[in-house]
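**Student:** Just a sequence and a predicted model for now, questions to come.
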Amino acid sequence: MTYKIDIDPEVCISSGKCVADAPDLFRFDDDEIAEMIPGAPQPNDERILDLARACPSGALIVTDVESGEEIDVG
C-alpha cells in the first residue's frame with residue numbers, strides 16, 4: 001500500500017508538532033498554520049502513519065494513493 005499525507009488547514013491548531021517532527025515536509029504559512037512544503041518527497045508509509053498519529057488536532061490526513069480512501073490512523 002502507498003499512502004499520501006496532507007494537512008486540513010481548517011483543523012490545524014498550529015501546535016507545531018509536525019513542523020518539529022518533519023521540518024523537511026512541513027512549515028508554517030503566514031497565518032501560522034502548518035502546510036506541506038511544495039516539492040517535498042512523501043515519506044514512507046510507516047513515517048506517514050507516525051506523523052498523523054502524533055498530530056494533536058488530527059489535521060494530518062492519510063490517504064491510500066491507489067483507492068483514494070482516507071485511512072483511519074486512530
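**Tutor:** Good, I have the coordinates.

**Student:** now the helices: where do they sit in this protein?
**Tutor:** Listed in chain order, the helices found in the chain under DSSP state H are 17-21, 45-54.

**Student:** Any idea which of those gets closest to residue 37?
**Tutor:** Of all these, helix 17-21 sits nearest to residue 37, with 9.9 Å by C-beta to C-beta. Where you see a C-beta, it was placed from the backbone N, CA and C, and this is true even at glycine.

**Student:** right, and residue 14 touches residue 32 too?
**Tutor:** Yes: at 4.9 Å, residue 14 counts as touching residue 32 under the criterion of C-beta atoms under 8 Å.

**Student:** Neighbour count: the two, which is higher?
**Tutor:** More crowded of residue 14 and residue 32, by other C-beta atoms under 10 Å: residue 14, with 14 against 9.

**Student:** if I look at the more buried one, how far off is residue 47?
**Tutor:** To residue 47, residue 14 is 22 Å away according to C-beta to C-beta, to the nearest Å.

**Student:** which residues does the residue most central in space within the chain contact?
**Tutor:** Centroid-nearest residue in the chain: residue 60, 3.8 Å away (criterion: C-alpha atoms, centre = their mean). Applying C-beta atoms under 8 Å, 6 or more residues apart in numbering, we find residue 60 in contact with 5-8, 18, 51-52, 73.

**Student:** Would you mind checking those for buried ones?
**Tutor:** Neighbour-count burial (16 or more other C-beta atoms under 10 Å) applied to those gives 5, 7, 18, 51-52, 73.

**Student:** Brilliant, that's me finished.
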